[in-house]
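[1] give me a model of this one.
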Amino acid sequence: MHVQLYFREVSEEYGREVTRLCEVLMKVLSASLGLEEARFQEAFGGAECGACLRANYYPRCPQPDLTLGLSAHSDPGVLTVLLADEHVRGLQVRRADGEWVTVQPVRDDAFIVNVGDQIQILSNSVYKSVEHRVIVNAKEERISLALFYNPKGDVPIAPAPELVTPDRPSLYPPMTFDEYRVYIRKNGPRGKAQLEGFKGQAVPGTGNK
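    Below is the predicted model:
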């Protein structure tokens, strides 16, 4: 029981600290686009943004060429902060030319940060969400710890008006994060095809017009 309580306290503290890191990154991303530092955080719901911590375990696979640990996708939320296995490679990201690149393991005290779909939407596609997948290993298991930083579920999110110009019109319709998650789940994992597919359109199955 004492061990369980210890791990609970450690995981809760870890989640709080990484959430604070996400709040700092929000300020940096917002300022980099010439906006007020608090602009992104406010657009996503301010202090009511949510976070979810998930541990991922990928066992050894005797035929890694026949399967994936996780199929190609981009994360639907704002940011994903990943603490990856330092010794076992598994995460791959897709470059602009379509080639998959394996991310080299980083030190135990370093994070991998993936930009999510909501950043792409709010920035009017200035920032692109990261399409990624996970491969498995024939000889070694792999563990990673991911914190997903997400908007408040019922706040409509659309490109920031400050980033919309006659030369760069608004690319995405307003939608809440709850609506977006329903849409993604209904259509299944398809890389980034779903996000790219409704540029300038209403989201099917939601109340947006």
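[2] so what's residue 61 up against?
    Applying CB atoms under 8 Å, 6 or more residues apart in numbering to residue 61 gives the contacts 67, 69, 136-138. Just so you know, the C-beta spots here come from the backbone N, C-alpha and C atoms, and that holds for glycine as well.
[3] do that again at 10 Å, thanks
    Counting by CB atoms under 10 Å, 6 or more residues apart in numbering, residue 61 touches 67-69, 135-139, 141.
[4] going by neighbour count, which of those comes out on top?
    Greatest neighbour count in the contacts of residue 61, by other CB atoms under 10 Å, goes to residue 136: 22 neighbours.
[5] which helices and strands does the longest helix anywhere in the chain pack with?
    In the chain, taking DSSP state H as the definition, the longest helix is helix 2-32. Applying 3 or more CB pairs under 10 Å, 6 or more residues apart in numbering; DSSP states H and E, we find helix 2-32 packed against helix 39-43, strand 50-58, strand 79-83, strand 112-115, helix 117-122, strand 142-150.
[6] closest one of the contacts of residue 61 to residue 175?
    Of all the contacts of residue 61, residue 68 has the smallest distance to residue 175: 28.4 Å, by CB to CB.
[7] next, give phi and psi for that closest one.
    phi -120, psi 150 (degrees, to the nearest 10).
[8] quick check: closest non-adjacent residue to it.
    Using CB to CB, 6 or more residues apart in numbering and skipping the chain neighbours, the partner closest in space to residue 68 is residue 133 (5.8 Å).
[9] that'll do, ta.
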